[in-house]
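**Q** how would this look folded up:
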Amino acid sequence: MPAHKIYLTEEVKQQALKRNALKWRKSKKGKDWQKKHNKHPNRKKWCTRWQKRNKGIANANTAAYRSRKQKARQGSKEAIAKIYARAAELRALGLPVEVDHRVALANGGDHTPANLRIISAVDNRRKNDRLDYGLCIEYDN
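**A** Numbering: from 1, shown residues only. Got it, this is the predicted structure:
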């Protein structure tokens, strides 16, 4: 009888990796490593360096944290990170832009790609938590 190959989708592979990482973090070996790593004198420097090199991901993580505090529905991490990375690229070109929630988290909006857009920082400050769609100039996502 011939052996059958099992082809796993990328999503299934990622889920398996997350499960294994979670098991390792909860194990004694993982907890010991985390204690040692978290107390390392260079930890702050490492984190700052990583945040500078990965501005889009770092900003997406911060926004995801804020939205979890608001108990908002979460969208695809990869798609959201792309939007924040694009905003970081535009800022590097000198454009004062920010990622905005069309429906603010404070008003029950979701943290999903459909609810995010890139607008100028001035428009975002002026908009605050209102639903003024007509006042903002959107940049491409």
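**Q** measure the spatially most central residue of the chain to residue 75 for me?
**A** The residue lying closest to the centre of the chain (CA atoms, centre = their mean) is residue 60, at 2.6 Å. For residue 60, the distance to residue 75 (CB to CB, to the nearest Å) stands at 10 Å. (Glycine included, C-beta is placed from N, CA and C.)
**Q** and for residue 57?
**A** Here the distance between residue 57 and residue 75 works out to 15 Å (CB to CB).
**Q** not counting its neighbours along the chain, what's nearest residue 106?
**A** Distances taken as CB to CB, 6 or more residues apart in numbering put residue 129 closest to residue 106, at 4.9 Å, once the chain neighbours are dropped.
**Q** got the contact list for the one you found?
**A** 104, 106-107 (CB atoms under 8 Å, 6 or more residues apart in numbering).
**Q** with residue 59 instead?
**A** For residue 59, the contacting residues are 84, 87-88, 99, taking CB under 8 Å, 6+ apart as the criterion.
**Q** ok now the host helix or strand of residue 20, how far from the chain's centre?
**A** In this structure, residue 20 is located in helix 10-26 according to DSSP states H and E. The chain centre lies 19 Å from the centre of helix 10-26; the measure is CA atoms, centre = their mean, to the nearest Å.
**Q** tell me the helix or strand right after it.
**A** helix 28-38.
**Q** which strands and helices lie in contact with the strand or helix carrying residue 100?
**A** Taking DSSP H and E as the criterion, the element that holds residue 100 is strand 97-101. The criterion is 3 or more CB pairs under 8 Å, 6 or more residues apart in numbering; DSSP states H and E, and the helices and strands that strand 97-101 contacts are helix 77-92, strand 116-120, helix 121-127.
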